[in-house]
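Student: Structure, please.
(one chain, ligands or ions: 2)
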Amino acid sequence: SCSASVLESRRFFELENEQLRKRYHEEFLSGYTYNTNVTEANRQAMIEVYARNAELNKRLAQRIKASDYMESEDDNIRRQATHLSKLGASALNPDDFLALQNAISSMQSNYATTTVCSYTNQSDCSCALEPCIQERLSNSRDPAELAWYWREWYDKAGTPMRDHFAEYVRLTRKAAHLNDHRSYADYWVQFYEDADFERQLDATFKQLLPFYRQIHGYVRYRLRQHYGPDVMKADGNIPISLLGNMWGQSWTEVIDLFTPFPEKPFVDVKAEMERQGYTVQKLFELGDQFFQSLGLRALPPTFWNLSVLTRPEDRQVVCHASAWDFYQDSDVRIKMCTEVDTHYFYVVHHELGHIQYYLQYEQQPAVYRGAPNPGFHEAVGDVIALSVMSAKHLKTIGLIDNAKLDEKSRINQLFKQAISKIVFLPFGYAVDKYRYAVFRNELEESQWNCGFWQMRSEFGGVEPPVSRTEKDFDPPAKYHIDADVEYLRYFAAHIFQFQFHKALCRLAGQYEPQNSQLTLDNCDIYNSKAAGRALHEFLSKGSSRHWKEVLQEFTGETEMDAAALLEYFDPLYQWLKQENSRLGVPLGWGPTDKIPS
Ligand SMILES: C=C(C[SeH])C(=O)N1CCC[C@H]1C(=O)O
Ligand SMILES: [Zn+2]
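Tutor: Ligands and ions are numbered 1, 2, ... in the order given. Below you'll find the predicted structure:
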């Protein structure tokens, strides 16, 4: 119905969305300028823009709350009014808002500029996280050297940030209360538009824990074989420094220590890339071509001209990969310090997934230019990467020569996917279970460091390589904790991406239930216009509809459901259960002894 009030409401939101789009444009431009040139002047300029826009966002929210838009007969008006009345930090008074932005950007600047001293030449302290420290964590097989870099990073990127983090907790709590939330955690949960979200999350984690315990047990057994019983106890927590990643969230960098069938090695894709003269540009062109092969949007010229795809020589940047939407003229960019290897081949596709989402929903009003579920935005690129990293696709692009894996190579390939996708789950779960407990005051400030490691041990059976106490403060050593980035979006994405993958593979004729020639782990949707059309329908809605409605149209489901993930990995799960019982591998772990008991 088009009553006068509905027509007036639509006019109001049209005008407000255009103002909001302009605010987003200048906000992300100032953020990008700072992230690609970390100077005090750029930090100040960014915060000034954020503060000005926060005032305007707050005023709009107040106007909406004073109106009857939330009760409009038009459900689109109601949805827009509800979205725009959700305030975060913008609810704070100007002084508190500035203090909060100062705390967050100070932690980010520290993360972006921290360097550590070399293990072999301790007077050289120029070693940055990417590429220097990461190279050591990937390639050193000396537990003492690995522990050195672990401790250097956490001592310099974490501990000095304790006061800023405490200020961040205080002010986000104040903002949440101003918006009538019980805590900042509850402000974050509302973006999932699902009262049942936390229960579902716990249930999904419990459902996947038995599979994770099999992987953890097998990896621990193999690490003990390599490093000996003094470094790796038979039934202990795994020292994070042995796992090839600063936070232990993906173990693929050290897969050579525990691949199930070492006699069936992977083609070393990184070496093959170097042999073929791959460049960073080539990695992005391959990603761009994949999306175009689906009939989706090509990267616009501004992407290639204005992105920062490698670490600049002449200035400090925030190297942690991110994709940016400037909310006009298809201006979308990526900022990352890319290297030519398989890890960054994955990250390139992850970020291009964000970019494609931006391009697909750009016709939506500003309020709807986002994902209806935070997990969706983090899943898009990963779904494409599931096809790209398949043996079938690596053969198509000439990086390997055997497209069909024999049974042992298939187990190796599934294992490599599992030590990225499955081992991520306890990590992602712990990061925000920890922050929820801090935000909800369920964890005493005097326990903020030990509580973090207690959760990492309880959920994932991993621990620091050295003892930690409350004199240390380790959480800000992870980018998302410095940058106020909610993290369960990645946990959700790790489940959703297999639901999306299964739907797209079926549409591409690459998957049939019970057909051993068309399984999920060797599906490649490359060139499938049918898959592309389904993705276009899904992505172009932005957050204009509830995520359950959009998901149902896409995959036929209305819930986050690990069934597709378990189907993808089933051959590996069965193999691990047999192999672990054959070897007598102990499963499970007790409390870590690296924190005071
Ligand atoms: C690549 C990005 C930018 Se949105 C990222 O932060 N990811 C991607 C996977 C998990 C998470 C991380 O690195 O912790
Ligand atoms: Zn992402």
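
Student: Tell me which helix or strand the residue nearest in space to the middle of the chain sits in.
Tutor: Centroid check for the chain by Cα atoms, centre = their mean gives residue 490 as the closest residue, at 4.4 Å. Element membership of residue 490, judged by DSSP states H and E, is helix 488-507.

Student: Could you give the average pLDDT over that helix?
Tutor: What helix 488-507 shows for mean pLDDT is 98.

Student: what's in contact with the following helix or strand past that helix?
Tutor: Downstream of helix 488-507, the next assigned helix or strand under DSSP H and E is helix 529-540. Defining contact as Cβ atoms under 8 Å, 6 or more residues apart in numbering, one finds that helix 529-540 is touched by 293-296, 356-357, 360-361, 363-364, 380, 503-505, 507-508, 525, 550, 553-554. The C-beta positions use only the backbone N, C-alpha and C, and glycine is treated the same way.

Student: go again using 6 Å as the cut-off
Tutor: For helix 529-540, contacts defined as Cβ atoms under 6 Å, 6 or more residues apart in numbering pick out 294-296, 357, 360-361, 504, 507-508, 525, 554.

Student: What of stretch 210-217?
Tutor: Contacts of stretch 210-217 (Cβ under 6 Å, 6+ apart): 418, 422, 461, 573, 576, 580, 585, 587-588.

Student: Then stretch 429-448?
Tutor: So stretch 429-448 is contacted by 169, 183-185, 205, 451-452, 455-456, 459, 487-488, 491 (Cβ under 6 Å, 6+ apart).

Student: Residue 254: which of those residues is nearest?
Tutor: Taking Cβ to Cβ as the measure, residue 254 lies nearest residue 456 of these, at 18.3 Å.

Student: Let me see the contact set for that closest one.
Tutor: 430, 462.

Student: What strand or helix carries it?
Tutor: Short version, using DSSP H and E: residue 456 is in helix 448-460.

Student: And that helix, how far out from the chain middle?
Tutor: In this view, helix 448-460 has its centroid 20 Å away from the chain centroid, taken as Cα atoms, centre = their mean, to the nearest Å.

Student: in its sheet, what does the helix or strand that comes right after it sit against?
Tutor: For helix 448-460, the following helix or strand on the C-terminal side (DSSP H and E) is strand 462-463. Strand 462-463 has these partner strands in its sheet, going by DSSP bridges: strand 238-239 (parallel).

Student: Distance from the chain centre to the partner strand, please.
Tutor: Counting by Cα atoms, centre = their mean, strand 238-239 comes out at 23 Å from the chain centroid.

Student: Show the subsequent helix or strand relative to that strand.
Tutor: helix 269-275.

Student: how about that next one: buried residues?
Tutor: Across helix 269-275, burial judged by 16 or more other Cβ atoms under 10 Å covers 269-270, 272-273.

Student: Give me the helices and strands touching that helix, please.
Tutor: Helices and strands touching helix 269-275, as assessed by 3 or more Cβ pairs under 6 Å, 6 or more residues apart in numbering; DSSP states H and E, are absent.

Student: centre of the chain versus the next helix-or-strand element following that helix, how much separation?
Tutor: Going down the chain from helix 269-275, the next helix or strand is helix 280-293, by DSSP H and E. Distance, stretch centre to chain centre, for helix 280-293: 21 Å (Cα atoms, centre = their mean).

Student: List the contacts of helix 280-293.
Tutor: 298-299, 309-310, 338, 345, 348-349, 352, 356, 384, 526-527.

Student: switch the cut-off to 8 Å
Tutor: 297-299, 309-310, 334, 338-340, 344-345, 348-349, 352, 356, 384, 387-388, 397, 526-528, 532.

Student: So how do I select the buried members of those in PyMOL?
Tutor: To isolate the buried ones among the contacts of helix 280-293 in PyMOL, judged by 16+ other Cβ under 10 Å, type:
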select buried, resi 297+299+309+334+338+339+344+345+348+349+352+356+384+387+388+526+528+532
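
Student: Which of the contacts of helix 280-293 fall within helices?
Tutor: 344-345, 348-349, 352, 356, 384, 387-388, 532 (DSSP state H).

Student: Tabulate the residues you listed (TSV), appending pLDDT and distance to residue 593.
Tutor: Shown next, in TSV, are those (pLDDT from 0 to 100; distance: Cβ to Cβ, whole Å):
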residue	pLDDT	distance to residue 593
344	96	36
345	95	38
348	98	40
349	98	40
352	98	43
356	98	46
384	98	42
387	98	43
388	96	41
532	98	52
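
Student: Rebuild those as CSV, extending it with distance to ligand 1.
Tutor: CSV is the format used below for the ones in helices among the contacts of helix 280-293 (distance: Cβ to the nearest ligand atom, whole Å):
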residue, distance to ligand 1
344, 10
345, 13
348, 10
349, 10
352, 11
356, 14
384, 14
387, 17
388, 15
532, 23
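
Student: that older thread, and the contacts of stretch 429-448, which of them are buried?
Tutor: The buried subset of the contacts of stretch 429-448 - by 16+ other Cβ under 10 Å - is 169, 183-185, 205, 451-452, 455-456, 459, 487-488, 491.

Student: closest to ligand 1 among those residues?
Tutor: Among the buried ones among the contacts of stretch 429-448, residue 487 lies closest to ligand 1 (Cβ to the nearest ligand atom), at 7.5 Å.

Student: which residues touch that closest one?
Tutor: 428, 431-432, 435, 480.

Student: Run a quick neighbour tally on the residue nearest to residue 86 when sequence neighbours are not counted.
Tutor: Closest residue in space to residue 86, ignoring its immediate chain neighbours: residue 190 at 6.7 Å, by Cβ to Cβ, 6 or more residues apart in numbering. The number of residues packed near residue 190 is 13, by other Cβ atoms under 10 Å.

Student: do you know how far residue 190 is from ligand 1?
Tutor: With the distance defined as Cβ to the nearest ligand atom, to the nearest Å, residue 190 ends up 21 Å from ligand 1.

Student: I'd guessed that residue sits against residue 87; true?
Tutor: No - Residue 190 lies out of contact with residue 87 (Cβ atoms under 8 Å); the separation is 11.3 Å.

Student: So which bits of the stretch 351-500 of the chain are right by ligand 1?
Tutor: Counting by Cβ under 6 Å from any ligand atom, the positions of the stretch 351-500 of the chain adjacent to ligand 1 are residue 490.

Student: Nearest to ligand 1: which residue in the stretch 351-500 of the chain?
Tutor: residue 490 (4.5 Å).

Student: list the contacts for that residue?
Tutor: Taking Cβ under 8 Å, 6+ apart, one finds 375, 378, 424, 428 in contact with residue 490.

Student: again, 10 Å this time
Tutor: 249, 350, 374-375, 378-379, 382, 424-425, 427-429, 431-432, 480 (Cβ atoms under 10 Å, 6 or more residues apart in numbering).

Student: Check residue 356 too.
Tutor: If you count contacts by Cβ under 10 Å, 6+ apart, then residue 356 has 287-288, 290-291, 294, 296-299, 323, 332, 380-381, 384, 535-536, 539 around it.

Student: which of those residues are buried?
Tutor: 287-288, 290-291, 294, 296-297, 299, 323, 332, 380-381, 384, 535-536, 539.

Student: wait, which of the ones in helices among the contacts of helix 280-293 is closest to residue 566?
Tutor: residue 387 (19.3 Å).

Student: Test my guess that the closest one contacts residue 500.
Tutor: No - using Cβ atoms under 10 Å, residue 387 makes no contact with residue 500, being 11.0 Å away.

Student: Secondary structure class of the closest residue to residue 571 other than its chain neighbours, three-state.
Tutor: In this structure, residue 571 finds its nearest non-sequential neighbour in residue 414, 6.2 Å apart by Cβ to Cβ, 6+ apart. What DSSP: H, G, I helix; E, B strand; the rest coil gives for residue 414 is helix.

Student: and residue 414, how many neighbours does it have?
Tutor: 22.

Student: so what pLDDT did the nearest residue to residue 359 once chain neighbours are set aside get?
Tutor: Once flanking residues are discounted, residue 359 sits nearest to residue 297: 4.2 Å by Cβ to Cβ, 6+ apart. Note on residue 297: pLDDT of 98.
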